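1. One predicted model, sequence on top.
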Amino acid sequence: MIRHLVLFKLNEGVERDDPRVVTGVEAFRSLDGAIPEIRFWELGWNVSDRPIAHDFAINSAFDDADALRRYVEHPDHQAGVALWREFATWVIADYEFRGPRPPTLRAPRRSDGGFFRGVRRFMRLFIPQHVVMGCLHTVDMSCDAMTAFDGRVD
């Protein structure tokens, strides 16, 4: 995935409540959901009073460089850029990152009262109830008996 960061600095004498700025912020805020390539979208005003800080930031993510290019060329994005050119300058950074990972399953800990209690807790959380019931009733039976519990193999 590609992270696209944009940091804006308002021109000298321009304030956040300037009508042009308000319109520019709304133009970029409206892009979330309007451009299908956007996978993540967040924007906001800087809260730091440090002199090196920029005033406004956009943090967004795209599947790949082609998706980012389509976003940059999109007419709604270009319209927002045209507004911001009148009252701000900006810098960008685009970099690759790993997207969200699926959750990992962890083995139950001994501190939860023992191995079998942890297994039962794990089964309740991650395995459909009819399978859990089948396993609990067929602990001493063969695998065929476990799958035949409700007549289906899931």
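-> Great, that's in hand.

2. that's a strand at residue 28, yeah?
-> No. Checked against DSSP: H, G, I helix; E, B strand; the rest coil, residue 28 lies outside a strand; its state is helix.

3. Please enumerate residues in contact with stretch 19-26?
-> Contacting residues not belonging to stretch 19-26 are listed as 10, 14-16, 43, 56, 80, 83-84, 86-88 [Cβ atoms under 8 Å, 6 or more residues apart in numbering]. For glycine as for every other residue, the C-beta is placed from the backbone atoms N, C-alpha and C.

4. can I get the residues you listed in JSON lines with pLDDT and distance to residue 31?
-> As requested, the contacts of stretch 19-26 are exported to JSON lines (pLDDT from 0 to 100; distance: Cβ to Cβ, whole Å):
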{"residue": "10", "pLDDT": "97", "distance to residue 31": "20"}
{"residue": "14", "pLDDT": "97", "distance to residue 31": "21"}
{"residue": "15", "pLDDT": "96", "distance to residue 31": "23"}
{"residue": "16", "pLDDT": "95", "distance to residue 31": "19"}
{"residue": "43", "pLDDT": "96", "distance to residue 31": "9"}
{"residue": "56", "pLDDT": "97", "distance to residue 31": "14"}
{"residue": "80", "pLDDT": "96", "distance to residue 31": "7"}
{"residue": "83", "pLDDT": "97", "distance to residue 31": "12"}
{"residue": "84", "pLDDT": "97", "distance to residue 31": "12"}
{"residue": "86", "pLDDT": "96", "distance to residue 31": "18"}
{"residue": "87", "pLDDT": "97", "distance to residue 31": "18"}
{"residue": "88", "pLDDT": "97", "distance to residue 31": "16"}
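
5. Return the member of those residues nearest to residue 34.
-> residue 80 (10.5 Å; Cβ to Cβ).

6. residue ranges with poor pLDDT in the protein?
-> Scanning the chain for pLDDT under 70 picks out the ranges 101-154.

7. hmm, which of the contacts of stretch 19-26 are the buried ones?
-> When the contacts of stretch 19-26 are checked for burial by 16 or more other Cβ atoms under 10 Å, the buried set is 10, 43, 56, 80, 83-84, 87-88.

8. Which ones among those lie within helices?
-> 80, 83-84 (DSSP state H).
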